[in-house]
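**Student:** turn this into a model:
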Amino acid sequence: MYRNPIPGLAICAAALFSAAAVAQQDFDKVEIQTQKLADTVYMMTGAGGNIGLSVGEDAVFVIDDQFAPLTPKIQAAIAAITKEPVKFLLNTHWHFDHVGGNENLGKAGALIFAHESVRKRMSVEGFIEFLGMKTQPEPKVALPVVTFSRDMTFHINGDEVFAHHVARAHTDGDAIVQFRKSNVIHMGDTFFNKLYPFIDTSSGGTVNGVLAAADLVLRLADDNTKIIPGHGPLGTAADLQAYRDMLAAVSGRVRQLIRQGKTLEEVVAAKPTAKYDEAWGKGFLPPEKFVAMLYGNLKR
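**Tutor:** Numbers count the residues shown, from 1 in each chain. You can find the predicted model right below:
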């Protein structure tokens, strides 16, 4: 089993990833921003994963829900569009910054959907190895009630909403959500726009799976498609292609160095991200931590 030899890496990554989750005063300062993408589809940002929202004559349909303390703010932002409550909630994967509001919305009557692996991981104690972070089982009301193994289609608000499972990408339970009529796609954490991505190896994630997810969406998208990333600003097909190219190039270089027998320290010192750091290296994962994450994923 791969052990991370860079001192403090997991602790630093955990602090970056979950700072908002442990500091109530941070949530007090968070503002939920809403951006209309199509007649019935919106993107909402705050803290944690980006939210997708569909509002129409049938129901309020939400994709991901950030952190529990933000639920009232998210509900208030939705109430500015419609007075109807959230009826359906789809989780793109199981991480706490995307499902933290499940319990609140479940108690409020939302029916929760997700890939079957999401329910399995949320039902038991977990451990995100790279972050050095334990997670506790979620209460029953927070768990997905309806699960799927491959795909699921929602006929809602005048649109056909297709949830595609992508195998072993950011995790083993990722869903990409395509609003076919509206030409909007929510990629969850299979796409970090203008940020080096986190791939959760201990939850079944792989570099190849993330590349395959990007390839799938690039086949589905056109120049007018609006792509909601798990983190970062709203994207386009060109943004996704740049992300895919970056990840393929850097992971290819890391893989080559591993085959040459280089240690983690040597791989980091080789600076395989140097070409991309100015554009991608100022987010959650700084370059050396991104390289360490790729090393651990590819080494395993």
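**Student:** please report how far the most centrally placed residue in the chain lies from P139.
**Tutor:** Nearest residue to the geometric centre of the chain (CA atoms, centre = their mean): D189, 2.3 Å. Distance of D189 to P139, given as CB to CB, to the nearest Å: 23 Å. Any C-beta I mention is one placed from the backbone N, CA and C, and that applies to glycine too.
**Student:** repeat for H115
**Tutor:** Remark: distance between H115 and P139 (CB to CB) = 20 Å.
**Student:** now do the contacts for N104.
**Tutor:** Neighbouring residues of N104 by CB atoms under 8 Å, 6 or more residues apart in numbering: 65, 68, 71.
**Student:** what is the neighbour count of the first one?
**Tutor:** Spelled out, that is D65. 31 (other CB atoms under 10 Å).
**Student:** who touches the nearest residue to F192 once chain neighbours are set aside in this structure?
**Tutor:** Leaving aside its sequence neighbours, F192 sits nearest to H231 (CB to CB, 6 or more residues apart in numbering; 5.0 Å). The neighbours of H231, taking CB under 8 Å, 6+ apart as the test, are 49-50, 189, 192-193, 195, 283-284.
**Student:** compare H115 and P139 (neighbour count), which wins?
**Tutor:** Residue environment comparison for H115 versus P139 gives the larger neighbour count to H115, 30 against 12, counting by other CB under 10 Å.
**Student:** dihedrals phi and psi, the closest residue to the more buried one other than its chain neighbours?
**Tutor:** Nearest residue to H115 in three dimensions, chain neighbours excluded: G173, at 4.1 Å (CB to CB, 6+ apart). Summarising the backbone geometry of G173 under the convention degrees, to the nearest 10, its torsions are phi -130, psi 30.
**Student:** my guess is G173 contacts G126. True?
**Tutor:** No: applying CB atoms under 8 Å, one finds G173 not in contact with G126, separated by 11.7 Å.
**Student:** overlap in contacts, those two.
**Tutor:** Common contacts of G173 and G126, defined by CB under 8 Å, 6+ apart, comprise 94, 203.
**Student:** where along the protein do the helices fall?
**Tutor:** Counting by DSSP state H, residue ranges of the helices within the chain are 9-22, 24-29, 71-79, 96-99, 102-107, 116-122, 207-220, 237-259, 264-269, 277-280, 287-299.
**Student:** so which of the ones you listed is nearest M44?
**Tutor:** Evaluated over those, closeness to M44 peaks at helix 71-79, with 6.1 Å, by CB to CB.
**Student:** same question for that closest one: list its buried residues.
**Tutor:** Residues of helix 71-79 classed as buried: 71, 73-75, 77-78 (neighbour count, 16 or more other CB atoms under 10 Å).
**Student:** nearest to E57 among those?
**Tutor:** Proximity of the buried residues of helix 71-79 to E57 was ranked by CB to CB; the top entry is I78 with 15.6 Å.
**Student:** how much space between the closest one and G52?
**Tutor:** Using CB to CB, one gets 12 Å for the distance from I78 to G52.
**Student:** overlap in contacts, the two.
**Tutor:** With the criterion set as CB under 8 Å, 6+ apart, the overlap between the contacts of I78 and G52 is V62.
**Student:** quick one: residues contacting the nearest residue to P233 once chain neighbours are set aside.
**Tutor:** Counting by CB to CB, 6+ apart, the nearest residue to P233 once its immediate chain neighbours are dropped is N193, at 5.7 Å. Going by CB under 8 Å, 6+ apart, N193 touches 227, 229, 231-235, 239-240, 243.
**Student:** ok, now which ones touch the nearest residue to G49 once chain neighbours are set aside?
**Tutor:** Distances taken as CB to CB, 6+ apart put H98 closest to G49, at 4.0 Å, once the chain neighbours are dropped. In this structure, H98 makes contact with 48-49, 64-66, 91-92, 188-189, 230, judged by CB under 8 Å, 6+ apart.
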